[in-house]
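> Give me coordinates for this.
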Amino acid sequence: MRDTFVKTLIEIAKADKDVHLLTGDLGFGVLKPYWEQLPEQFTNIGIAEQNMTGIAAGLALSGKKVFTYSIGNFPTLRCLEQIRNDCAYHDANVKIVCVGGGFVYGSLGMSHHATEDLAIMRALPSVVVMAPGDLTEAAACTRAIYEHQGTCYLRLGRGGEQKIHESISDFRIGKAIQIKEGNRVVVFSTGGIFDEALGAVELLNDRGIYPALYTFPTVKPIDRELIRACAKEYDLVVTVEEHNIIGGFGSAVAEVLSEMSGNRAVQIKIGLNDTYSCIVGTQKYLRNEYGMSAEKIAERIWEYLYV
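Prediction:
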């Protein structure tokens with residue numbers, strides 16, 4: 001996803017000289033095409049993410065369209081006060097980009113596991129929160145936040161994500177995208193863990209269960225209309241996120257469901273069960289250990305339906 005983001009941003013920045021990219025002294029392998037082609041629209045701030053965010057706010061309030069770029073928790077948790085006070089409060093045109101959502105940097109330990117970022121960024125008033133599920137969504141999200149006036153958060157995978165869509169005809173902030181039709185069960189997924197959600201649906205298909213499947217590139221504003229419609233149509237809503245189940249995508253869906261009256265679907269939240277990810281390993285290994293692999297997701301749904 002990060003390569004797709006950079007390629008898309010280069011196209012945008014070549015057409016708009018007010019676009020500026022700031023990095024916290026990393027990502028040079030992937031950012032090289034950008035700074036080689038657009039050196040006047042690029043600044044390496046150094047390992048100083050709080051400073052980077054403050055500078056981004058100042059540039060934005062001077063008329064620039066600023067993207068900040070770092071990995072894991074560094075562009076969010078480390079500089080949360082600057083995001084809240086300098087960017088979001090002023091509705092500054094700053095786009096905060098995290099490469100490595102969830103367990104992407106699994107071998108580096110919990111300090112590099114971004115598993116609370118969606119909840120924290122979603123809690124900031126007026127901030128748009130996006131987590132694309134594939135490369136096509138990553139490109140569409142990049143263009144969408146560029147066009148949106150105000151502070152945005154873009155959570156990307158590192159690379160290797162499979163392609164879901166060849167194209168998206170009507171991509172909009174705040175709208176989910178249907179991947180599969182189904183019955184009884186509907187699975188909602190956000191971010192790079194989509195491949196596990198899709199794998200779980202395919203495993204359930206082999207057992208005679210045919211869930212519907214949607215990807216949510218936008219976590220905030222959430223697609224309330226779609227959630228309400230699905231809650232009336234299906235018996236079970238399953239949310240899948242590579243994130244703590246407290247406060248993130250699953251909680252955003254639960255908030256919509258809680259406001260509904262009458263009969264509606266039950267919800268299961270798949271994610272990190274309100275704990276720190278203290279195990280070290282590959283992303284695939286950690287997903288399985290914490291119940292987010294395709295096999296574990298499918299089994300959880302099967303057990304709810306039949307055990």
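
> give me the element Gln178 is part of.
Assessed by DSSP states H and E, Gln178 sits inside strand 177-180.

> following the lowest-mean-pLDDT helix or strand in the chain, which helix or strand comes up?
Lowest by mean pLDDT, DSSP states H and E among the helices and strands of the chain is helix 28-37, with a mean of 93. Using DSSP H and E, the helix or strand that follows helix 28-37 in sequence is strand 42-44.

> Identify the residues contacting that following strand?
Here strand 42-44 makes contact (Cβ atoms under 8 Å, 6 or more residues apart in numbering) with 20-23, 25, 31, 34-35, 55. Bear in mind the C-beta positions are built from the backbone N, C-alpha and C, glycine included.

> Do you have the helices of this structure handy? List them.
2-15, 28-37, 49-61, 80-82, 117-122, 135-147, 194-206, 224-233, 249-258, 283-289, 294-306 (DSSP state H).

> among these, which is nearest Tyr89?
helix 49-61 (9.3 Å; Cβ to Cβ).

> and that closest one, how far from the chain's centre?
22 Å (Cα atoms, centre = their mean, to the nearest Å).

> Next: stretch 119-139.
5 Å.

> in stretch 168-187, what's buried?
Buried positions in stretch 168-187, judged by neighbour count with 16 or more other Cβ atoms under 10 Å: 168, 171, 173-177, 179, 182, 185-187.

> farthest-separated two in the residues you listed?
Ile173 and Val185 (27.0 Å).

> coming back round to it: out of the buried residues of stretch 168-187, who's nearest Ile96?
Nearest to Ile96 out of the buried residues of stretch 168-187 is Ile173 (Cβ to Cβ; 15.2 Å).

> Asp274 versus the closest one, what's the distance?
To Asp274, Ile173 is 29 Å away according to Cβ to Cβ, to the nearest Å.

> what's the answer for Gly159, then?
In terms of Cβ to Cβ, Gly159 sits 29 Å off from Asp274.

> Who has more neighbours out of these two?
Looking at Gly159 and Asp274 with other Cβ atoms under 10 Å, you find the greater number of neighbours at Gly159, namely 14 against 9.

> Show the contacting residues for that one.
Taking Cβ under 8 Å, 6+ apart as the contact definition, Gly159 lies against 1-3.

> Select only the buried ones of the residues you listed in PyMOL?
Selection of buried members from these for PyMOL, criterion 16+ other Cβ under 10 Å:
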select buried, resi 1+2
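
> CSV for the contacts of Gly159, including distance to Ser111?
Output for the contacts of Gly159, formatted as CSV (distance: Cβ to Cβ, whole Å):
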residue, distance to Ser111
Met1, 22
Arg2, 20
Asp3, 25
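
> Looking at the contacts of Gly159, which is nearest Val307?
Within those, the smallest distance to Val307 is 36.2 Å, found for Met1 (Cβ to Cβ).

> per-residue confidence for that closest one?
According to the prediction, Met1 has pLDDT 90.

> Which strand in the chain has the most residues?
strand 236-244 (DSSP state E).

> ok, Asp206 - how many residues close by?
8.

> same deal with His90?
Every residue meeting other Cβ under 10 Å relative to His90 is counted, giving 14.

> Roughly how far does it sit from Cys98?
On the measure of Cβ to Cβ, His90 and Cys98 end up 21 Å apart.
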